[in-house]
Structures are given as C-alpha cells and as structure tokens.
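J.: Dropping a prediction and its sequence here:
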Amino acid sequence: MNQYRVFQQSHIKQLWSVREGWFRPTYQLTDGTYSYGMLSYGGFFNPVIQIDTASTTWVVRKTGLSTMEVINPDGHLVGSIDRKWFTSRIVFTAVDGFTATHYKPSLWQRAYEWISSDDQILIVQETRGFYQTDTFTYADLTYQQPYLLLLSFLALDFNLRRRKQAAA
C-alpha cells in the first residue's frame, strides 16, 4: 500500500485506468506520474475484487444475484452495492449513510456518472469503444470524500463486466 499516492492530498482533475498483465490483469488509476490504487481479481469459482489504495484496502464480494458488499481487511462492512432489476442504475450505500448512484445519463453518450444523494455529480467516467482505458473526471468539491477511489474502481469493474458480456 505504500507505493500509492494519497488522493485527497492531490488536486488532480482526471485519472486514467491502466491495465497490467494478461491472464490475471490488474488495473491501476494513474495521472501519468503517480499511481493512486490498484484493482485486482482473486478467487476462481467465487470471484473477489480487491482494491488497494494508499490509505486502505477494500474487498468486494458478491452476496446475491444483484447485490455485493464492500468490507475492509478487518472484516467490517463498509457498504453495500445494489442493482435493481430491469434498470441500469447501481446504488452504493455506505454504513455511515453516504449514498451514490452510478448510471448513464443518456443512451447516446459514452460517459457514466456517479451522483450523490443530493444530485451532485461526483465522478464522470468516459469510456471508449475499443480502448482498454477509461478516463475519470472528478468534481471540484469532492476531494475530501473518502469513497472517491472506491467509487472509481467500482465503476471500472462495472465497465469491465459490460465489456465481457458484450464480447461473450
């Protein structure tokens, strides 16, 4: 965890995802100079997502058909992720009451957004068709939000799952 830079201390507007590896790839969020965290997959029959940042580590496990839970290494619940049936909106709810929704604002756009419960845009994720990189743009007032990197890595995972489903 020491090789990553603390996100809250840097006022970067955009980060890019970088894939490393071929058979068991890992994904890092970088600004071109520093790395801010890494997403990796573990497990074979029961896949687990591990997200490492400078300040903490999160583990994301599937608990149902459309629900996942986020826990820290101590085993304490950090939040839950719920996707409603017949909709593309995904809701992250933290234990401390923070709620954010991941959705695509328009069918004709290639961007996804994380918005908070008071309709403030937190993160805009731009995806490109045949490229493996995503661009994450952060709003000005959200740097002190402790869940920004978690939300970015979750959005990256959602996009990777969409790509796998489209390729299958």
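T.: Received, thanks.
J.: and stretch 86-94, which residues are buried?
T.: 90, 91, 92, 93, 94 (16 or more other Cβ atoms under 10 Å). All C-beta spots, glycine's among them, are computed from the backbone N, C-alpha and C.
J.: what about residue 113, which helix or strand?
T.: Element membership for residue 113, per DSSP states H and E: strand 111-116.
J.: Go through that strand and flag the buried ones.
T.: In strand 111-116, counting by 16+ other Cβ under 10 Å, buried: 112, 113, 114, 115, 116.
J.: returning to what we had before: ok, the buried residues of stretch 86-94 vs residue 164, which is closest?
T.: Set against residue 164, the nearest of those by Cβ to Cβ is residue 90 (16.2 Å).
J.: For residue 124, which non-adjacent residue is closest in space?
T.: Distance criterion Cβ to Cβ, 6 or more residues apart in numbering; nearest residue to residue 124, sequence neighbours excluded, is residue 137 at 4.5 Å.
J.: contact partners of the worst-scoring helix or strand of the chain on mean pLDDT?
T.: Lowest on mean pLDDT, DSSP states H and E among the helices and strands of the chain sits helix 148-167, with a mean of 84. Outside helix 148-167, the residues that touch it by Cβ atoms under 8 Å, 6 or more residues apart in numbering are 7, 15, 17, 27, 29, 36-37, 39, 49, 51, 53, 58, 60, 70, 78, 81, 90, 92, 100, 102, 112, 114, 122-123, 125, 127, 134, 136, 138, 142.
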